[in-house]
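Chemist: Output the structure for:
(one chain, ligands or ions: 1)
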Amino acid sequence: MLNLILFGPPGSGKGTQAAHLVEKYQLLHISTGDMFRYEISNSTELGQLAKSYMDQGQLVPDSVTIAMLRKRVEDNPGVGGIIYDGFPRTVAQAEALDEMLAEMGTGISGLIALDVPDDEITKRILLRGQSSGRSDDSDEATIRKRIDEYKSKTTPVFDHYAKAGKSLKINGIGSVEAIFGQLCEAIDALG
Ligand code: B4P
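Modeler: Got it, this is the predicted structure:
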């Protein structure tokens, strides 16, 4: 079973690439960002809680995020593989994921990070903000906060999997097709 973590800073193209990868490899796509936005659009209690963090550019607390992720995985038994998009974003989330997959008799196949510099991701997110309606996309201070959260809390996840020789980086600058090609090569090499 392929368990792939698509990693990178906010706006690095994880969601964009995941949409293509799920089609090619027939994977279940789990995007915690999309799941929170779905809850927000349905005005659920979870959505209201998530929104209070997302609007500030902060991560949603681990306990909430891990419980939501676990439920999504348990609700989809027998899938051929899963692409984790935007999860794990903290080492605590990574440890919870490792534990859950070990209970299922499987584990992370690899983590692939999209490498994109800060000025490019800020540009991309502000551009998306013009049409996405996402409040966390339209304010430069909130975007800066998201980048800070990524650097302080999320980059250690790369090192967590690097210790097991499972992390790798690819260049996230270029056309969507060119980056997709590099991702496919990296996935095929996972065996
Ligand atoms: P996410 O929904 O994960 O959002 P993201 O990081 O902004 O997006 P992504 O990297 O997928 O970028 P995309 O492809 O869309 O998170 C939002 C918030 O939810 C977080 O800040 C946090 O508060 C919360 N959250 C989510 N998961 C959490 C967790 N596990 N724990 C705690 N909190 C969590 O691409 C961005 C833009 O770039 C698009 O407009 C796209 O068209 C463009 N683009 C893509 N590829 C391009 C390319 N090659 N060249 C030029 N532009 C490109």
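Chemist: ok, which stretches of this protein are strands?
Modeler: 2-7, 28-31, 81-85, 110-115, 167-171 (DSSP state E).
Chemist: and the ones you listed as JSON lines, adding distance to the ligand?
Modeler: Where you see a C-beta, it was placed from the backbone N, CA and C, and this is true even at glycine. Listed next are those as JSON lines, based on distance: least, Cβ to the nearest ligand atom, whole Å:
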{"stretch": "strand 2-7", "distance to the ligand": "8"}
{"stretch": "strand 28-31", "distance to the ligand": "6"}
{"stretch": "strand 81-85", "distance to the ligand": "6"}
{"stretch": "strand 110-115", "distance to the ligand": "7"}
{"stretch": "strand 167-171", "distance to the ligand": "10"}
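Chemist: how about those strands in JSON lines, adding mean neighbour count, distance to residue 157 and mean pLDDT?
Modeler: Converted to JSON lines, the strands of the chain look like this (neighbours: other Cβ atoms under 10 Å; distance: least, Cβ to Cβ, whole Å; pLDDT from 0 to 100):
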{"stretch": "strand 2-7", "mean neighbour count": "23", "distance to residue 157": "7", "mean pLDDT": "97"}
{"stretch": "strand 28-31", "mean neighbour count": "18", "distance to residue 157": "15", "mean pLDDT": "98"}
{"stretch": "strand 81-85", "mean neighbour count": "23", "distance to residue 157": "11", "mean pLDDT": "97"}
{"stretch": "strand 110-115", "mean neighbour count": "21", "distance to residue 157": "8", "mean pLDDT": "98"}
{"stretch": "strand 167-171", "mean neighbour count": "16", "distance to residue 157": "9", "mean pLDDT": "97"}
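Chemist: Now tabulate those strands in CSV and tack on distance to residue 16.
Modeler: Conversion of the strands of the chain to CSV gives the following (distance: least, Cβ to Cβ, whole Å):
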stretch, distance to residue 16
strand 2-7, 10
strand 28-31, 11
strand 81-85, 10
strand 110-115, 9
strand 167-171, 14
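Chemist: To residue 187, which of those lies closest?
Modeler: For residue 187, the closest of the strands of the chain is strand 2-7, at 6.6 Å, according to Cβ to Cβ.
Chemist: quick one: strands adjacent to that closest one?
Modeler: Sheet pairing for strand 2-7, assigned by DSSP bridges, gives strand 81-85 (parallel), strand 110-115 (parallel).
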